[in-house]
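# Provide a 3D model corresponding to the input given below.
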Amino acid sequence: MSTHTPDEGSREMHDPTKDKYLEVDKRVVDIENEVIAEIAYESKAIDHAIEAVHKQARSAIEDIRPGRDKARR
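Residues are numbered from 1 along each chain as shown. Got it, this is the predicted structure:
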C-alpha cells in the first residue's frame, strides 16, 4: 500500500531559490535577445554603408572612364 496522499504536493515547502533562478534566467534571455537585435541592426547598418560606398565607387569609376576613352583617341 502506498503512503502517498493526494495532497502531499501541497505540503511541500516552496523553494524561493527556484523563483530567483527563474527570474535570473528570464533576465538573461531578455538581455540575449536585446544583444541579438542590436547585432542584427548594426549588421544591417554596415551592409547599407558598404552598399553606399560601392555605389560611390561605381559612380566615380564611370566618371573617370569617359576621360580615359577621350585621351586614347
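# For the chain, which segments are assigned as helices?
Along the chain, counting by DSSP state H, helices occupy 16-72.
# any weak-confidence spans in it?
Along the chain, segments meeting pLDDT under 70 span 1-11, 66-73.
# go again using 80 as the cut-off
Across the chain, the ranges flagged by pLDDT under 80 are 1-12, 65-73.
# which residue is nearest the centroid of it?
The structure's the chain has its C-alpha centroid closest to I36; by CA atoms, centre = their mean the separation is 1.8 Å.
# I'd like to know how far that residue sits from V24.
I36 sits 19 Å away from V24, going by CB to CB, to the nearest Å. To be clear about C-beta, it is placed using only N, CA and C from the backbone, and glycine gets the same treatment.
# Same check on E38?
The spacing between E38 and V24, counted by CB to CB, is 21 Å.
# what's near enough to touch T17?
By CB atoms under 8 Å, 6 or more residues apart in numbering, T17 lies in contact with nothing.
# Tell me how far it lies from A40.
From T17 over to A40 (counting by CB to CB), the distance is 35 Å.
# Then S59?
Plainly put, S59 is 29 Å away from A40 if you go by CB to CB.
# repeat for A52
19 Å.
# Can you show me the CA trace of stretch 32-42 as PDB?
Output of stretch 32-42 as PDB, limited to C-alpha atoms (Å, rounded to 0.1, in the frame of the first residue of the first chain):
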ATOM      1  CA  GLU A  32      20.500  37.900 -25.000                       C
ATOM      2  CA  ASN A  33      17.500  38.900 -27.200                       C
ATOM      3  CA  GLU A  34      18.500  42.600 -26.900                       C
ATOM      4  CA  VAL A  35      22.100  41.800 -27.900                       C
ATOM      5  CA  ILE A  36      20.900  39.700 -30.900                       C
ATOM      6  CA  ALA A  37      18.600  42.500 -32.100                       C
ATOM      7  CA  GLU A  38      21.400  45.100 -31.700                       C
ATOM      8  CA  ILE A  39      23.800  42.900 -33.700                       C
ATOM      9  CA  ALA A  40      21.200  42.500 -36.400                       C
ATOM     10  CA  TYR A  41      20.600  46.300 -36.500                       C
ATOM     11  CA  GLU A  42      24.300  47.100 -36.700                       C
END
